[in-house]
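Visitor: Take this sequence and fold it.
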Amino acid sequence: MADFAWGAQDISAPKRTVLPEVPAEPGLVLEDVQSGFVGAVVRVEKSGGLHVMVLEDRRDKRRTFRLGHGFLVDGDPVKVVAPTAAPVKSSTRTASGSVKVEGARARVARASRIWVEGQHDAELVEKVWGEDLRLEGIVVEPLHGVDDLAGAVRAFDPGPQRRLGILVDHLLPGTKESRIAQEAMALPGARGNVLIVGHPYVDVWQAVKPGALGLAAWPVVPRGQDWKTGILAGLGWPSTDQAAVAHGWKRILGSVKSYADLEPSLLGRVEEVIDFLTAGSPGS
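Guide: Numbering: from 1, shown residues only. Presented below is the predicted three-dimensional model:
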């Protein structure tokens, strides 16, 4: 196993230094002295009555080690111990920060919808605002691109009882996305029934605060390179195919625990859309 086998010591030998104890919290990066394996703690579990931890390196390779001595943190030796279980508290807030309504049942879906560009956008909105949206009866649907946004809005046929709130990536003045949004808003029936908002990021991944992943900043992707592939490569994660992109997004989404892990420029836009669809709007 990963423990050092401390041999018998002569009574005249100097007393061994007591190493600092470090809880094996998820995300803690450790180096196993014996094998040189470096990885982040994924989980801690009991096996055969012993506490063991699973480490995952930057290539997603996993190895299991027994807790104890024989590990380095930032080059310094430590003793890895089991994390202390925190008391379970019943949260009075949802992931979006709103007051949780205990015992409330999901409302029948309204005709109104929130549209987002892709599946990742939908999953992020669901993770943070899902509980609130179910109470309001609002469904989030991915568009898988906004190139024909005007056609999609026309087919939806918005009206006072069928409102649309649309979240667009990279919605900045002068961009292609800005032109597409203007065309959609010029359609008959859109005024007062359609709200198009956006965040400044190339992709919704970047709306996750880098600090949630333990980063100082997102990697810079060279112009002309696929953005998601460049981000994954910059992080040192697998980046060669769609499976790598899916796994990378899973890790990013897993780092989001609440609204506090998202950039304000996304938070404000989603809240604006929800207010538009619910404030004074008719029922389903």
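
Visitor: From now on I want contacts and neighbour counts done on CA atoms only, so please keep to that.
Guide: Will do.

Visitor: W227: neighbouring residues, count only.
Guide: Burial measure for W227: 15 neighbouring residues, criterion other C-alpha atoms under 10 Å.

Visitor: Does it touch V221 like I think?
Guide: Yes. With contacts counted by C-alpha atoms under 8 Å, W227 reaches V221, the gap being 6.2 Å.

Visitor: Please give the element, helix or strand, for the residue minimising distance to the centre of the chain.
Guide: Geometric centre of the chain, nearest residue: L253, 2.3 Å, by C-alpha atoms, centre = their mean. Using DSSP states H and E, L253 maps to helix 242-254.

Visitor: And the contacts of that helix?
Guide: The contact list for helix 242-254 (C-alpha atoms under 8 Å, 6 or more residues apart in numbering) reads 120, 124, 205, 208, 213, 228-229, 232, 237-239.

Visitor: Ranking by neighbours, what's the top pick from those?
Guide: Busiest of the contacts of helix 242-254 [other C-alpha under 10 Å] is V208, holding 22 neighbours.

Visitor: neighbours around the closest residue to it other than its chain neighbours, how many?
Guide: In space, and not counting its chain neighbours, V208 is closest to L262: 4.6 Å by C-alpha to C-alpha, 6 or more residues apart in numbering. Look at L262: counted by other C-alpha under 10 Å, it has 22 neighbours.

Visitor: Enumerate every residue touching L262.
Guide: Taking C-alpha under 8 Å, 6+ apart as the criterion, L262 is in contact with 207-209, 256.

Visitor: from the chain's centre, how far out does the helix or strand containing V41 sit?
Guide: V41 is part of strand 38-47 when elements are defined by DSSP H and E. From the chain centre to the centre of strand 38-47 is a distance of 21 Å (C-alpha atoms, centre = their mean, to the nearest Å).

Visitor: all helices of this protein, in order?
Guide: 119-136, 149-156, 176-185, 227-235, 242-254, 264-278 (DSSP state H).

Visitor: Dump the C-alpha coordinates for the fifth one into PDB.
Guide: Going back to what we said before, that points to helix 242-254. The C-alpha coordinates for helix 242-254 follow below in PDB (Å, rounded to 0.1, in the frame of the first residue of the first chain):
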ATOM      1  CA  GLN A 242     -16.200  14.500 -28.100                       C
ATOM      2  CA  ALA A 243     -16.000  12.100 -25.200                       C
ATOM      3  CA  ALA A 244     -13.200  14.200 -23.700                       C
ATOM      4  CA  VAL A 245     -15.400  17.400 -24.100                       C
ATOM      5  CA  ALA A 246     -18.300  15.700 -22.400                       C
ATOM      6  CA  HIS A 247     -16.100  14.500 -19.500                       C
ATOM      7  CA  GLY A 248     -14.500  17.900 -19.200                       C
ATOM      8  CA  TRP A 249     -17.900  19.600 -18.900                       C
ATOM      9  CA  LYS A 250     -19.000  17.000 -16.300                       C
ATOM     10  CA  ARG A 251     -16.000  18.000 -14.200                       C
ATOM     11  CA  ILE A 252     -16.800  21.700 -14.600                       C
ATOM     12  CA  LEU A 253     -20.500  21.300 -13.900                       C
ATOM     13  CA  GLY A 254     -19.600  19.200 -10.800                       C
END
